[in-house]
Structures are given as structure tokens and as C-alpha cells.
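Q: Sequence and predicted model, in that order:
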Amino acid sequence: MTNNVSSRIYTPTNISLSTSVAVFETMEYKMVSVFLVLLVCSVGIIGNIMVVLVVLTTRHMRTPTNCYLVSLAIADLTVLVAAGLPNVSDSLTSTWIFGHAGCLGITYLQYLGINVSSCSITAFTVERYIAICHPIKAQTVCTVSRAKRIIAGVWIFTCIYCMLWFFLVDIQVSLDGHVQCGYKVKRELYLPIYLIDFAIFYVIPLLLAIVLYGLIARVLYLSPLPNHPDTSATTLRRSCRETSDTGKGGRQGRPKSALSSRKQVTKMLAVVVILFALLWMPYRTLVLINSFVSTPYLNAWFLLFCRTCIYANSAINPVIYNAMSQKFRSAFRGLYRCQRPEGTPRMSVFQTSSATIRDPQTCQANSNGTNEKVSRVMLTASDMTTKQNGGGCQEMVADNCKTSVEPITFNPATSSFSGDNKSDCLSSINTTVNSADRTAGAQEENL
């Protein structure tokens, strides 16, 4: 009976489980453990809260991919609070202080956060695959409403699945009187449960991510993106906006294409998946080996390293978003300043160009019937448009409307303009703007 209890306590299956009490009681171990865990958990909790806030409070950040990132952030918060903070008390007291209910609830929340993190990573990996490899289908499949339904299903499934842990853990008391939260089943019974959990929430998601990101890379780097109707309109809108922004600084900016934007988003999410695999590998490997060997490997410093990697995985994602996503970086700054990020007016270029075309009507009331005055007014308006928009966007719109502006002449006999195709030009511009607005949220990720 003594050996059975001892094996239950010292099997490192719970990520907040204490082992090697003699080492845990040393002052050196306590100082290092508490410092590392508090540092990582503090950064992770603050960062993940900021991710949730910027997506929920900023309208242009509410995209399908960001919905999955919010689910991942909440799951990481659960891991940091349920696993990281109890580990601090374990390091300081070398005993379990949360009682039987705390043992059940904290263990349940630990595995809930871990499993939801894995499912959220799988969900945004599949979403990226559909959005890039099947862009036509993505218009109806990759939507915010569908992402919310998938996330709700993931949480419901995981909550039900993790109820299994209520029947596997219990308070254990060692021979020297230390109270610990450990598993009350034998290692032989726990092994199939762990293997199923290991396969569903670690091996299968990683294998799926390898396959899907391989297909995504083939589309992004080895073949052009499939054409879809509104890509040119969306690119025109984004190019005008970015050229206008860079024009203020006196530099000519190069428009950011949809392809480069998708590459950036995919790289960021791929880094999240890679770090998930690497940071979870030490702990998963250790538990897998200890499940088969007769004498488990229980070095306290290595266990601290494994647990710190787990907490770092939950804390590092907001850092990745800030480093690799300009949208998240801007949103974080706006949240830090207690205000929304300043947005760039998207339609200013088209509105200015439309005003340029309408200027001859204004001039008609004050003109003396000569074509020279109309021409001077139009040239002045064109110059003003060029100065306001850095030149780049004005040229793009002017090229589209050139044939409609040049034939305009004034007829003194009838007191009217002949060859007036302004309405056609305005109609073309409005059609482009409306088309870009309809597809901007579905085709371009605001990351």
C-alpha cells in the first residue's frame, strides 16, 4: 500500500504537482521557482487580457482568425491562473493548501485550458488553409459568426471531456505528512487515459498543422493565389490608403498586396504552432517516458524547466502578435493610451477625386462661357488632389477617369456642357468602393 501511494504522488502527471520534497524545501529552489513562475505568469496574464480587450473593443480587429486568437488567449489565461499561481504556493509551502475541492477544480481547469488551447490552434490552422487554398469557399465558410459557433462547440466539447479528471484526482498524504494533489488511480489505469489525451490534443493537431501549413506554403510561395472577383478592388483600396499615409512623410510607399498580407498572417500563426510544439515537448515526453519506466525520472530542476516551458507557451503568444503584426501593435498602443487606435479614412481618396470631377459644375455658374477657365479650374483641383494624397492615389483614379474628363467642353449657345461623361466615372468609382467594402472583411485579415 505504501508503494502504491508513493507512486501516485510522485508521478508527474499534474503540471502543478510537487515532487522531491527535499529539493523543494531548499531556499535556492524556492527563490528561482517563485521568480520564474511569477515573471512568466505576470507577463502572460497581462498580455492575454490585452489581446481579448483589443479584439472585443476594436471593430476592425473582429475577424475570424482573431476570434480563434481570443479563444486561445482565454485558454492560456486559464492555464496561467490554474497551473502557474498554485505552483507558487507549492514552491513556498511545499504542500497543497487548496483542499480537496481545490484539487478537483484546479486540475480540471488546468486540462481545460490546455485542451482548448490545442483545439483553438487547430481551428485557426484549418481556417487559414481554407482562406488561402480555397478563397472562393472562404467567403461563406470563414466568417465571424461561423468562427464563434466553432469556438462555442470547442469549449462545450472540452468542458465535457475534462470532467473525466474529477474522478482521477484526490488529496494524497505522504509518509512525512506532506499533503499533495495527485492521481488516485494506478499508473496502469492512467496510462491509456494519458495516451488518448496525448494523441487527441498534441500529436493529431501537430500532424494536421504540418500537412495544412505545407499546402499553404505551396500556394503562397510556389504558385499564385487563385483569382477571385474583388481582389483588384480590395488591392486598389489598400494601395490608395497606404500610399496616402506614406506620402505625408515625403516617401513613396509601395502598396502592400493581398499576397504579402496573407504571408505575414500565416507566418505569425505558424510561429504560434511551432512554439506550441516545442514548449510542450519536454513535459509531454517526460510524462510519456515515466508512464513506461519502472523508476520515474523526477529531477526537481528538470520538472521546473518543463513547467516553466508550459507557462511560457501560454504567455508568449501576445508577444508574437506584437512583434509580427502591425495591426495588433497599433491596437496595443491604443489600449495602453486608453483610446482606440486612430484609423485612416478609407474613402478620402475617392471622395477627393469625385469632388475633382464635380468641380466643372461649380465653375459653370461663375464662368463666362469659355473653355479656358474650366480647364484652369480642373487643373487647380487636380493639383490640390495631388498634394493632399501624395500623388499616388490621384494618378490611379485619374487614369480610370481620364477618358471621362478630357472630352468635356462648354457650348455657349446652349449654356451646357457637351460630352459630359462624369456620371459614368463617378458610377465606376462608387462601384469600386462598394465592391471593396463588401469583400474587405472576408478576404483580408486585419492583422
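A: It's in. Numbers count the residues shown, from 1 in each chain.
Q: Tell me which residues of stretch 213-225 come out buried.
A: The neighbour-count check on stretch 213-225 (16 or more other Cβ atoms under 10 Å) flags 213, 216, 219, 220 as buried. All C-beta atoms are positioned from the backbone trio N, CA, C, and that covers glycine.
Q: tell me the mean pLDDT for that stretch?
A: Mean pLDDT, stretch 213-225: 82.
Q: Kindly report the same for stretch 301-314.
A: 94.
Q: in that stretch, what counts as buried?
A: The neighbour-count check on stretch 301-314 (16+ other Cβ under 10 Å) flags 303, 304, 306, 307, 308, 309, 310, 311, 312, 313, 314 as buried.
Q: was I right about residue 67 contacting residue 151?
A: Yes: in terms of Cβ atoms under 8 Å, residue 67 counts as a neighbour of residue 151; the distance is 6.2 Å.
Q: Who are the packing partners of the helix or strand that residue 126 is a member of?
A: In this structure, residue 126 sits in helix 99-133 according to DSSP states H and E. Here helix 99-133 touches helix 64-79, helix 135-141, helix 144-161, strand 169-173, strand 179-183, helix 204-217, helix 258-290, going by 3 or more Cβ pairs under 8 Å, 6 or more residues apart in numbering; DSSP states H and E.
Q: Put together CSV for these, with distance to residue 48 on each row.
A: Formatted as CSV, the helices and strands packed on helix 99-133 follow (distance: least, Cβ to Cβ, whole Å):
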stretch, distance to residue 48
helix 64-79, 4
helix 135-141, 27
helix 144-161, 15
strand 169-173, 26
strand 179-183, 25
helix 204-217, 20
helix 258-290, 13
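Q: So for residue 32, which of those sits nearest?
A: Closest of the helices and strands packed on helix 99-133 to residue 32 is helix 258-290, at 17.0 Å (criterion: Cβ to Cβ).
Q: Report the residue ranges of every domain in the chain.
A: The record's domain parsing of the chain by automatic domain parsing lists 2-227+256-336, 348-443.
Q: Just give me the lowest mean pLDDT stretch among those domains.
A: Mean pLDDT values for those show the minimum at domain 348-443, a mean of 44.
Q: what's stretch 40-58 in contact with?
A: 61-62, 66-67, 69-70, 73-74, 76-77, 80-81, 84-85, 308, 311-312, 314-319, 321, 328, 331-332, 334-335, 340-341 (Cβ atoms under 8 Å, 6 or more residues apart in numbering).
Q: buried set for it?
A: Buried, per 16+ other Cβ under 10 Å, within stretch 40-58: 40-41, 43-45, 47-48, 50-52, 54-55, 58.
Q: Mind checking which of the contacts of stretch 40-58 are buried?
A: 61-62, 66-67, 69-70, 73-74, 76-77, 80-81, 84-85, 308, 311-312, 314-318, 321, 328, 331-332, 334-335, 341.
Q: what's the neighbour count on residue 276?
A: The local packing of residue 276 (other Cβ atoms under 10 Å) involves 22 other residues.
Q: Do I have it right that it meets residue 121?
A: Yes: with contact defined as Cβ under 8 Å, residue 276 and residue 121 form a contacting pair (5.9 Å).
Q: Return every residue with contacts to both of these two.
A: With contacts defined as Cβ under 8 Å, 6+ apart, no residue is adjacent to both residue 276 and residue 121.
Q: so how far is residue 202 from residue 110?
A: 15 Å (Cβ to Cβ, to the nearest Å).
Q: oh sorry, the question was meant for residue 49
A: Per Cβ to Cβ, residue 49 is found 26 Å from residue 202.
Q: returning to that earlier point: closest to residue 140 out of the buried residues of stretch 40-58?
A: Checking the buried residues of stretch 40-58 against residue 140 with Cβ to Cβ, the nearest one is residue 55 at 22.4 Å.
Q: element containing the closest one?
A: helix 27-57.
Q: State the distance from residue 298 to residue 73.
A: Residue 298 sits 33 Å away from residue 73, going by Cβ to Cβ.
Q: Oops, could you answer that again for residue 84 instead?
A: Taking Cβ to Cβ, one finds residue 84 at 15 Å from residue 73.
Q: Show residues contacting stretch 307-316.
A: For stretch 307-316, the surrounding residues in contact (Cβ under 8 Å, 6+ apart) are 15-16, 36-37, 40-41, 43-45, 47-48, 75-77, 79-80, 83-84, 87, 113, 117, 275-276, 279-280, 282-283.
Q: Try it again at 7 Å.
A: 15, 36-37, 40-41, 43-44, 47, 76, 79-80, 84, 87, 275-276, 279-280, 282-283 (Cβ atoms under 7 Å, 6 or more residues apart in numbering).
Q: Give me the neighbour count for residue 134.
A: Residue 134 has 14 neighbours, counted by other Cβ under 10 Å.
Q: okay but residue 304 is in contact with residue 34, surely?
A: No: with contact defined as Cβ atoms under 7 Å, residue 304 does not reach residue 34; the gap is 10.6 Å.
Q: For residue 188, the count of nearby residues, please.
A: Per other Cβ under 10 Å, the neighbour tally for residue 188 reads 8.
Q: between the helix or strand containing it and helix 204-217, how big is the angle?
A: Element membership for residue 188, per DSSP H and E: helix 187-198. Following axes from the mean of the first three to the mean of the last three Cα atoms, to 10 degrees, one obtains 20 degrees for the angle between helix 187-198 and helix 204-217.
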